[in-house]
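**Student:** this one's sequence-less:
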């Protein structure tokens, strides 16, 4: 988790903590507590502003809850099987079949070493991520685009339909490696 994400997450949790603390103080008469908190209005620095702060925090958390509920309802379902219905019947394609098909295609390709393939499938889309060590001849964008288009075309031929959107991403492992020695 990056620093910015941690900071935003901490700010949201701090706002939630303040809101819950106020609810605890206002409803402390419901059960017996060994500690008695004074009302938030009586705190010296935040007393006059606490109503506005809590109102804004409540509106923010209600909006966040509605947004999370909508994301939960409408988030596309990831599955291991893609079902294609046609006029001649239906075809079920498993995720492992597509991974192995792309991997076998890449093993025939001499310009990529140790390829690894990850596939994510949803109802109308397939995302294929290829990670491997590209040789120097393959590091040009034209050759990479040719390989991506070839794999996209072969997967479309495998599925025998253009209704499924296929996205292929190619990543070079050696880009992430540190500086290499000039003499080996």
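**Tutor:** Cool, the structure landed. Please read these numbers as outputs of a predicted model, since none were measured by experiment.
**Student:** how about the helices of this protein, start to end?
**Tutor:** Under the criterion DSSP state H, the chain carries helices at the ranges 3-26, 50-74, 95-108, 141-159.
**Student:** So what angle separates the directions of the last one and helix 95-108?
**Tutor:** Translated: helix 141-159. For helix 141-159 against helix 95-108, the angle by axes from the mean of the first three to the mean of the last three Cα atoms, to 10 degrees is 140 degrees.
**Student:** so what's residue 94 bridging to?
**Tutor:** As for beta bridges, residue 94 partners with residue 81 under DSSP bridges.
**Student:** That one reaches residue 81, doesn't it?
**Tutor:** Yes. Counting by Cβ atoms under 8 Å, residue 94 does reach residue 81; the two are 5.4 Å apart. All C-beta spots, glycine's among them, are computed from the backbone N, C-alpha and C.
**Student:** Now do stretch 80-94: distance from first to last residue.
**Tutor:** Using Cα to Cα, to the nearest Å, one end of stretch 80-94 lies 6 Å from the other.
**Student:** Okay, buried residues for it please.
**Tutor:** Neighbour counts using 16 or more other Cβ atoms under 10 Å place 82, 93 of stretch 80-94 among the buried residues.
**Student:** Contacts for it, please.
**Tutor:** Contact partners of stretch 80-94, identified using Cβ atoms under 8 Å, 6 or more residues apart in numbering, comprise 95, 96, 121, 123, 126, 158, 159, 160, 161, 163, 164.
**Student:** Torsion angles phi and psi at the closest residue in space to the first one that isn't next to it in sequence?
**Tutor:** Just to be clear, that refers to residue 95. Taking Cβ to Cβ, 6 or more residues apart in numbering, and ignoring the residues beside it in sequence, residue 95 has residue 80 as its nearest neighbour in space, at 4.6 Å. With angles defined as degrees, to the nearest 10, residue 80 sits at phi -90, psi -10.
**Student:** Show residues contacting stretch 37-53.
**Tutor:** Stretch 37-53 has contacts (Cβ under 8 Å, 6+ apart) with 18, 22, 24, 25, 26, 28.
**Student:** picking up where we left off before, can I get the contacts of stretch 80-94 in JSON lines including pLDDT and distance to residue 44?
**Tutor:** As requested, the contacts of stretch 80-94 are arranged in JSON lines below (pLDDT from 0 to 100; distance: Cβ to Cβ, whole Å):
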{"residue": "95", "pLDDT": "86", "distance to residue 44": "60"}
{"residue": "96", "pLDDT": "88", "distance to residue 44": "64"}
{"residue": "121", "pLDDT": "86", "distance to residue 44": "58"}
{"residue": "123", "pLDDT": "78", "distance to residue 44": "57"}
{"residue": "126", "pLDDT": "87", "distance to residue 44": "60"}
{"residue": "158", "pLDDT": "82", "distance to residue 44": "70"}
{"residue": "159", "pLDDT": "79", "distance to residue 44": "68"}
{"residue": "160", "pLDDT": "77", "distance to residue 44": "73"}
{"residue": "161", "pLDDT": "75", "distance to residue 44": "69"}
{"residue": "163", "pLDDT": "76", "distance to residue 44": "66"}
{"residue": "164", "pLDDT": "81", "distance to residue 44": "63"}
